[in-house]
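> Show me the folded form of this:
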Amino acid sequence: MGTINTQKARLRECLKSGKSITPRQALFSFGCMALSQRIGDLRREGMDIISERVEGGYHHHRYYLRGGTTDALLNG
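Next up, the predicted model:
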């Protein structure tokens with residue numbers, strides 16, 4: 001299984017478990033440097049993924065499945 005497919009599988013499992021994820025969390029959890037691309041892949045496969053803009057030192061998005069919780073994958 002290629003890196004992209006592995007990242008998609010791990011991301012899919014994370015989201016299906018009710019967790020949310022940010023680009024930083026994806027990078028440190030499973031080496032995904034292009035989270036928005038993987039989210040797009042999963043959306044095209046039919047997953048109903050919500051993005052929520054998070055303000056802070058820099059803006060980014062938190063992704064989660066519609067109906068899921070927005071609990072973080074990792075602390076921080």
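
> In this structure, which residue is most central in space?
residue 21 (4.3 Å; CA atoms, centre = their mean).

> Quick check: that one touching residue 12?
No: counting by CB atoms under 8 Å, residue 21 does not reach residue 12; the two are 11.0 Å apart. All C-beta atoms are positioned from the backbone trio N, CA, C, and that covers glycine.

> Can you tell me the SS state at residue 64?
Under DSSP: H, G, I helix; E, B strand; the rest coil, residue 64 falls in the strand class.

> Buried residues in the helix or strand harbouring residue 14, which are they?
Using DSSP states H and E, residue 14 sits within helix 3-16. Within helix 3-16, the residues scored as buried using 16 or more other CB atoms under 10 Å are 7-8, 10-12, 14-15.

> Export stretch 6-23 to CSV, keeping only CA atoms.
Provided in CSV are the C-alpha atoms of stretch 6-23 (Å, rounded to 0.1, in the frame of the first residue of the first chain):
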residue,chain,number,x,y,z
THR,A,6,-1.9,4.5,4.1
GLN,A,7,-2.5,8.1,5.1
LYS,A,8,-6.0,8.0,3.8
ALA,A,9,-6.7,4.8,5.7
ARG,A,10,-5.4,6.2,8.9
LEU,A,11,-7.2,9.4,8.4
ARG,A,12,-10.4,7.6,7.6
GLU,A,13,-10.1,5.5,10.8
CYS,A,14,-9.4,8.6,12.9
LEU,A,15,-12.5,10.4,11.6
LYS,A,16,-14.7,7.4,11.8
SER,A,17,-13.7,7.0,15.5
GLY,A,18,-15.3,10.4,16.1
LYS,A,19,-12.1,12.4,16.4
SER,A,20,-11.2,15.6,14.7
ILE,A,21,-7.8,16.4,13.2
THR,A,22,-5.7,19.4,12.3
PRO,A,23,-2.8,19.6,9.8
